[in-house]
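> would you be able to build a 3D model of this:
(one chain, ligands or ions: 1)
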Amino acid sequence: MPFGSRNGEEMKEPVKIKERPAVERSATFDEVVFGYSEEEALQEASRCLQCKKPSCNDGCPVGIDVKRFIAHLAKKDYQASYLTIKEKSSFPSICGRVCPAEYQCRKACVFTKKGSPFASERAINIHFLERFVGDFGNQEGIETPAENNKEFIEKRVAVVGSGPAGLCCAGELARQGIDVTVFEGLHKTGGVLRYGIPPFRLPRNILDFEIDYLKKYNVKIVTNYIIGKTKLLDELFREGFSAIFLGLGAGIPSFLNIDGENLCNVYSANEFLTRVNLMAAFRFPEYHTPINVGKHIIIVGGGNTAMDAARVAIRLQRIHGIEPSTTVFYRRTELEMPARRLEIEHAKEEGVKFEFLVQPVAFSGDKDGSLQTLRCLRCELGEPDASGRRRPVSIKGSEFDTPCDSAIIALGLQANTMLTNTTKDLKLDKNKDIIVDPETMQTSIKGVYAGGDIVGGEGTVIEAMGMAKRAARAIAQYLKDKS
Ligand code: FAD
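Numbers count the residues shown, from 1 in each chain. I've put the predicted structure just below:
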């Protein structure tokens with residue numbers, strides 16, 4: 001079937017990705033989205049026009065040569081395609097699964113109309129092709145060459161945080177022969193990739209493989225080690241590290257600040273997802289994770305984290321044999337929800353319910369302090385606020401109570417100040433994020449660089465990696481200048 005025409009040529013239809021059916025997947029944590037088969041990947045790659053001046057490359061925050069990797073793929077030269085991606089990204093299989101491509105490379109594809117807020121349906125499915133190539137390269141064990149750069153012998157860099165920013169920076173530096181040690185506060189590496197994103201969106205074998213790959217470049221990883229507490233930043237310099245990269249993320253949740261929010265079984269989405277992901281709640285009954293899987297679970301918020309929390313919650317109810325009742329409460333309408341459309345659709349297919357135009361005002365509990373009820377006000381939309389979205393205005397006298405024995409608050413994340421509070425001379429903005437030079441990612445302290453969510457707040461995996469790459473380039477230059 002042709003898909004419209006361009007310059008008189010018939011365009012082929014995009015190749016749809018297959019998904020695990022909702023009835024099958026919603027009681028398991030198995031991956032929802034299947035990858036392309038070889039045939040499907042080749043068919044999709046053949047839609048790429050190989051533009052003379054490709055704009056898609058600029059849509060990728062780490063600058064993957066999209067045109068070239070697709071050209072190799074279309075010629076079935078999967079190795080060359082994989083190596084092309086790896087020139088710029090250490091994590092093709094991760095990014096091919098979690099990147100919001102509709103706002104990034106696909107939005108820049110020539111098939112998307114200029115100025116569109118997100119990608120057209122016709123845009124090449126670059127992320128699915130990246131996932132296909134990444135999985136192929138990982139399965140085949142294709143090695144990427146490391147540079148053996150004598151300039152850097154005996155130069156040591158410390159990286160704080162093992163999220164995508166920290167790991168990407170570590171990989172970039174280690175590939176050049178620099179001795180890198182990553183310090184991670186938790187007992188596991190990966191940051192949000194591991195403790196936030198659920199395995200049905202990012203299987204853990206994929207994550208483990210791409211993180212382990214860094215060890216080939218001799219990146220050393222020390223877990224259970226909080227810089228700013230176990231050791232101060234100054235001490236790292238005294239111990240001989242020549243430069244430091246801070247990839248601390250944004251780990252502190254925001255709350256509603258309403259009555260009853262400290263009752264048992266009211267969780268932040270961060271705590272809920274961390275417990276589920278790091279304490280294997282998805283392997284019940286083999287694992288008994290300290291989390292209350294209630295009969296009525298309410299998620300407050302309308303972003304991607306709320307969708308992850310809701311989809312996890314409804315799965316846990318099914319795994320625990322509880323009749324599913326998971327509802328997302330959001331104070332605006334579906335139209336204003338910041339979550340990706342795909343995530344909202346997936347949540348609905350899996351049985352998650354939505355209550356729009358509702359504002360929680362108080363939680364109440366039983367005599368033992370456990371959550372029982374949520375009180376809300378109904379809202380209507382008023383004038384647009386600073387974000388451009390219409391402001392929710394609560395309606396007087398519209399209070400209603402709803403049963404709720406677990407609540408998950410998903411209202412966004414802010415900077416964790418443990419390190420920044422104990423580091424003199426580190427300049428922060430009003431949100432307590434670290435201020436950097438946007439070109440070099442250098443902070444107000446010489447030799448200290450930062451990137452990812454700790455700079456400018458919650459972003460995306462690939463944006464964090466983009467900043468980390470800029471920092472790695474500047475760190476390498478700094479080390480050269482120093483020697
Ligand atoms: P993080 O991933 O937060 O990693 C920071 C790491 O630093 C953590 O491991 C932390 O323990 C460690 N750390 C912090 N302070 C210290 C210290 N003092 N000492 C030692 N270690 C420390 N983005 C997407 O692109 N696609 C998605 O699908 C997506 N889904 C998301 C789902 C959820 C639930 C959340 C919360 C976010 C999601 N994001 C997604 C956003 C994305 O995950 C973040 O933008 C990205 O992880 C930021 O990377 P980072 O390395 O800056 O921080």
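> for Arg391, phi and psi?
Here is the backbone geometry of Arg391 (degrees, to the nearest 10): phi -70, psi 130.
> what do you get for Ile297?
Backbone torsions for Ile297, taken as degrees, to the nearest 10, come to phi -110, psi 130.
> in this structure it contacts Glu323, no?
No: the pair Ile297 / Glu323 is not scored as a contact, 11.6 Å apart, by Cβ atoms under 8 Å. C-beta: built from backbone N, CA, C; applies to glycine.
> in the stretch 301-450 of the chain, which spans are helices?
Counting by DSSP state H, counting those that start in this stretch, the stretch 301-450 of the chain has these helices, from start to end: 304-319, 341-349, 418-421.
> just say which of these is most tucked in.
Most buried of the helices of the stretch 301-450 of the chain, by mean neighbour count (mean count of other Cβ atoms under 10 Å): helix 304-319, with a mean of 25.
> tell me if it is near the ligand.
Yes: counting by Cβ under 6 Å from any ligand atom, the ligand has neighbours in helix 304-319: Asn304, Thr305, Asp308.
> residues of the chain that sit close to the ligand?
So far as Cβ under 6 Å from any ligand atom goes, the chain lies against the ligand at 98-100, 160-166, 183-186, 191-192, 196-197, 226-228, 247-249, 251, 273, 304-305, 308, 416, 418-419, 452-453, 458-462, 464.
> mind listing which of the residues you listed are in strands?
Val160, Phe183 (DSSP state E).
> and the residues of the chain next to the ligand, which of them are buried?
Buried members of the residues of the chain next to the ligand, counted by 16 or more other Cβ atoms under 10 Å: 98-100, 160-166, 183-186, 191-192, 196-197, 227-228, 247-249, 251, 273, 304-305, 308, 416, 418-419, 452-453, 458-462, 464.
> and the residue of the stretch 251-400 of the chain that's closest to the ligand?
Thr305 (4.1 Å; Cβ to the nearest ligand atom).
> and the pLDDT for that residue?
You'll see Thr305 listed with a pLDDT of 96.
> list the contacts of it.
Residues near Thr305 by Cβ atoms under 8 Å, 6 or more residues apart in numbering: Gly196, Ala269, Asn270, Leu273, Ala410, Gly412, Leu413.
> wait, doesn't the fifth one sit right on Ile298?
So the one you mean is Ala410. No: the criterion here is Cβ under 8 Å, and Ala410 misses it with Ile298 at 10.7 Å.
> and the strands in the stretch 51-200 of the chain, which stretches?
According to DSSP state E, counting those that start in this stretch, the stretch 51-200 of the chain carries its strands in the segments 156-160, 179-183.
> what's the first one in contact with?
Right, strand 156-160. For strand 156-160, contacts defined as Cβ under 8 Å, 6+ apart pick out 166-167, 169-170, 173, 178-183, 227, 236, 240-248, 419, 475, 479.
> do the last one as well
Counting by Cβ under 8 Å, 6+ apart, strand 179-183 makes contact with 152, 154-162, 166-167, 170, 173-174, 189, 218-222, 225-227, 231, 241, all of which sit outside it.
> in the stretch 1-150 of the chain, what residue comes closest to the ligand?
Residue nearest to the ligand within the stretch 1-150 of the chain (Cβ to the nearest ligand atom): Val98, separated by 3.8 Å.
> I meant to write the stretch 201-350 of the chain there.
As assessed by Cβ to the nearest ligand atom, the ligand sits closest to Gly249 within the stretch 201-350 of the chain, at 2.1 Å.
> just to revisit the earlier point, got JSON lines for the helices of the stretch 301-450 of the chain, with distance to Glu380 too?
Output for those, formatted as JSON lines (distance: least, Cβ to Cβ, whole Å):
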{"stretch": "helix 304-319", "distance to Glu380": "21"}
{"stretch": "helix 341-349", "distance to Glu380": "21"}
{"stretch": "helix 418-421", "distance to Glu380": "40"}
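> what's the closest of the ones you listed to Lys12?
Among the helices of the stretch 301-450 of the chain, the nearest to Lys12 by Cβ to Cβ is helix 341-349 (22.1 Å).
> let's see the pLDDT reported for the residue lying closest to Val222 once chain neighbours are set aside.
Excluding the flanking residues, the one nearest Val222 by Cβ to Cβ, 6 or more residues apart in numbering is Phe183, at 5.2 Å. In this model, Phe183 is scored at 98, pLDDT.
> beta partners for Phe183?
Bridge pairing for Phe183 (DSSP bridges) gives the partners Val160, Val222.
> now for the lengthiest strand in the chain, which elements pack on it?
As assigned by DSSP E, the longest strand anywhere in the chain is strand 371-384. With contacts taken as 3 or more Cβ pairs under 8 Å, 6 or more residues apart in numbering; DSSP states H and E, strand 371-384 sits against strand 358-365, strand 390-394, strand 400-403, strand 406-409.
> let me know which of those strands is tucked in deepest.
Per residue and on average, the most neighbours among the helices and strands packed on strand 371-384 fall to strand 406-409, with a mean of 26 (mean count of other Cβ under 10 Å).
> list the contacts of Pro199.
Neighbours of Pro199 in contact, by Cβ under 8 Å, 6+ apart: Phe29, Glu31, Asn277, Phe282.
> cool, Asp234 as well?
By Cβ under 8 Å, 6+ apart, the contact set of Asp234 is Thr423.
> of the helices and strands packed on strand 371-384, which is nearest Pro338?
Relative to Pro338, the nearest member of the helices and strands packed on strand 371-384 by Cβ to Cβ is strand 390-394, separated by 13.6 Å.
> how many neighbouring residues does Lys367 have?
By the criterion of other Cβ atoms under 10 Å, Lys367 has 6 neighbours.
> Thr289 now?
As a burial measure, Thr289 scores 16 neighbours (other Cβ under 10 Å).
> hang on, it in a helix?
No: secondary structure assignment (DSSP: H, G, I helix; E, B strand; the rest coil) places Thr289 in coil, not in a helix.
> distance check, it against Met279.
Relative to Met279, Thr289 is positioned 4 Å away (Cβ to Cβ, to the nearest Å).
> what residue in the stretch 351-483 of the chain comes nearest to the ligand?
Gly452 (2.1 Å).
> any common contacting residues for Ile297 and Glu323?
Residues touching both Ile297 and Glu323 by Cβ under 8 Å, 6+ apart: Gln317.
> having no further points to raise, I will conclude here.
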